[in-house]
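Engineer: quick one, structure for this:
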Amino acid sequence: MLTLSSPFLKGVSAKVLGIGEQYDVEYVQCPDPGKPCIVEEQ
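Structural biologist: Numbering: from 1, shown residues only. Have a look, this model is predicted:
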């Protein structure tokens, strides 16, 4: 996420970066981490 936010904060359009439909609004979604890993103690 930082690799996209840094240019955005320097003035590059969110639309050019592909992270928004407007010039100055970005949308970044974190990926789904999947099911939790539960370790059962024996």
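Engineer: quick check: longest helix of this protein.
Structural biologist: Using DSSP state H to define each element, the chain has its longest helix at helix 2-9.
Engineer: can you report how many residues lie near I19?
Structural biologist: I19 has 18 neighbouring residues, counting by other CB atoms under 10 Å. For glycine as for every other residue, the C-beta is placed from the backbone atoms N, C-alpha and C.
Engineer: related to what we said a few turns ago, right, and the helix or strand after the longest helix of the chain?
Structural biologist: Moving toward the C-terminus from helix 2-9, the next helix or strand (DSSP states H and E) is helix 14-17.
Engineer: quick check: buried residues in that next one?
Structural biologist: By 16 or more other CB atoms under 10 Å, the buried positions in helix 14-17 come out as A14.
Engineer: show me which helix or strand of the chain is least confident by mean pLDDT.
Structural biologist: The weakest-scoring helix or strand in the chain, judged by mean pLDDT, DSSP states H and E, is helix 2-9 (a mean of 72).
Engineer: mind listing what's buried along that one?
Structural biologist: Judged by neighbour count (16+ other CB under 10 Å), helix 2-9 contains these buried residues: F8.
Engineer: same deal with stretch 29-42?
Structural biologist: Buried residues in stretch 29-42, counted by 16+ other CB under 10 Å: none are found.
Engineer: pLDDT of stretch 16-31, averaged?
Structural biologist: Across stretch 16-31, pLDDT averages out at 74.
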